[in-house]
Structure formats: C-alpha cells, structure tokens
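> here is a sequence together with a model predicted from it:
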Amino acid sequence: EFNATLERGLRLVFAIGVPATAGLIVMSGPLVITLFQRGAFTANDVVMTQWSLVAFSVGLLGFMVVKVLAPGFFARLDTRTPLRYGLAALAVNIALNGVFVTAALWRDWPAPHAGLAAATSLAAWVNAILLYRGLQRAGVLEHRSGWVALVSQVSIAAGAMIAVLLWVVPAATSWYAWGQLYRAGALLGYVALGGAVFVAVAMGLGLRVRAFLPSDSKSRPS
C-alpha cells in the first residue's frame with residue numbers, strides 16, 4: 001500500500017508538472033508583462049525576468065518529485081538519507097552557480113543571473129533522482145504497469161497545448177500595448193485555453209482521473 005501511494009503521487013505530479021512546466025515556459029513573457037511591466041519596469045527587465053522564469057520552470061517537476069519522495073523516507077523514520085541527498089544537491093547547486101555564471105560572463109551573455117536559476121533547477125533534479133534511486137534500492141518504490149501509456153498521453157497532450165498557445169497567443173508587442181486589466185483577462189483566458197486543450201487531448205487519448213485514485217476507489221460506481 002505504501003508503494004502504491006508513492007506510485008500514485010508520482011503519476012499525479014507527472015500529469016500536473018509536465019503541462020505546468022510547458023505552460024510557464026510558453027507563457028513566460030505574457031506572465032511577466034502582466035505581473036510586473038508598468039512604471040519603471042522596462043521591456044528589457046521583462047526579458048531578463050523571463051529568462052529566470054524559464055530556467056526555474058525547468059526544475060518545477062523536480063521540486064514536485066522531491067515533495068512526493070522525501071516523505072517515503074520520513075515514514076520509515078529515516079531522516080538522515082534525505083538530508084545527505086539534500087546536501088549533495090546543495091553542493092551541486094553551488095558548483096553549477098560558479099560554472100554557469102562564469103561561463104555566461106566569459107561569453108558576455110546578457111542574462112548571467114539565469115544561470116543561478118538553472119543551477120537551482122538542476123540541483124532539484126539531482127535531489128529527486130537521488131531520492132528515487134534510494135527508494136528503489138530500499139525496495140520501497142516499484143513501478144507498476146501503465147507508465148508508458150501515461151507518459152505518452154501527457155507528452156502528446158502537452159505538445160498539443162504548446163502548439164495551440166504558440167499559435168493563438170499574441171506577440172509581446174501586443175501585450176505591452178494593452179492595459180493592465182485587459183492583460184490580466186487575456187492571461188487568464190489563454191491559461192484556461194491551454195488547460196482545456198491539455199485535458200481534452202489527454203482524455204481523448206484515454207487518460208482518466210481514476211488512474212490517480214487508490215485501487216479500491218476505481219471499483220466504486222461514479
């Protein structure tokens with residue numbers, strides 16, 4: 001039952017994290033413009049902030065996986081192992097900070113601060129992978145069938161969402177010209193559209209909510 005709970009958690013964060021990551025990357029410009037672009041916040045500030053948001057978005061799924069897997073150790077009264085993994089991820093983060101920022105400055109890249117965000121995202125993935133392998137070695141986490149179908153359904157649905165958003169969302173020049181309320185309404189509308197496309201395509205490919213429910217819940221009448 002404990003393995004099944006972790007399995008369901010991983011399935012759920014995958015189904016949520018992949019489209020969320022894709023949406024944040026595709027909508028990073030409109031999101032930053034809507035939230036911050038007014039007054040002294042210039043168009044260049046938007047681009048610089050957008051770089052950081054994209055870099056952080058890459059690690060979103062990794063952060064979510066950590067939140068699911070770490071309790072797998074705590075429930076077994078093992079607090080030392082996730083601490084060791086966290087310290088290892090921190091060391092990776094510090095090392096990558098130096099590598100990315102130094103490389104960005106050496107190449108005269110205009111957004112070296114995005115390297116800090118990218119290092120944090122990669123460190124989150126290192127932590128997630130270490131936790132995942134640790135639970136597998138302990139025999140606590142074993143995958144059941146259905147993952148190939150889930151990955152295919154979510155990936156295709158996320159791809160369809162990306163294609164639709166890239167097609168219909170106006171360029172940044174349009175967002176700059178709009179008023180604040182109009183920006184907010186447009187942002188909510190496009191986010192809702194992207195979510196609707198993802199859900200429609202995923203369900204059309206056979207993804208159902210019961211895939212994330214406990215096994216005894218699947219047999220109950222809806």
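That came in fine, so what should we check first?
> was I right about A15 contacting R208?
No - contact criterion CB atoms under 8 Å: A15 and R208 do not qualify, at 10.9 Å. Every C-beta, even on glycine, is put in place using the N, C-alpha and C of the backbone.
> more neighbours, those two?
Higher neighbour count among A15 and R208: A15, with 22 against 11, using other CB atoms under 10 Å.
> how close does the more buried one sit to A157?
A15 sits 9 Å away from A157, going by CB to CB, to the nearest Å.
> so what sits against both of the two?
Contact criterion CB atoms under 8 Å, 6 or more residues apart in numbering; residues shared by A15 and A157: 202, 207.
> for the most centrally placed residue in the chain, give me its contacts.
Nearest to the mean C-alpha position of the chain, by CA atoms, centre = their mean, lies L60 at 3.1 Å. Neighbour list for L60: 17, 20-21, 24, 121 [criterion: CB under 8 Å, 6+ apart].
> now those residues in TSV, with pLDDT, neighbour count and distance to A202?
As requested, the contacts of L60 are exported to TSV (pLDDT from 0 to 100; neighbours: other CB atoms under 10 Å; distance: CB to CB, whole Å):
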residue	pLDDT	neighbour count	distance to A202
G17	95	18	14
A20	96	18	13
T21	96	20	15
L24	96	16	18
S121	96	22	25
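> low-confidence ranges in the protein?
Scanning the chain for pLDDT under 70 picks out 1, 215-222.
> which helix in it has the most residues?
The longest helix of the chain (DSSP state H) is helix 80-106.
> helices or strands next to that one in the packing?
Contacts defined by 3 or more CB pairs under 8 Å, 6 or more residues apart in numbering; DSSP states H and E place helix 80-106 against helix 60-74, helix 113-137.
> one step back: of the contacts of L60, closest to F41?
L24 (19.2 Å; CB to CB).
> that closest one: what's it in contact with?
31, 53-54, 57, 60 are the contacts of L24 under CB under 8 Å, 6+ apart.
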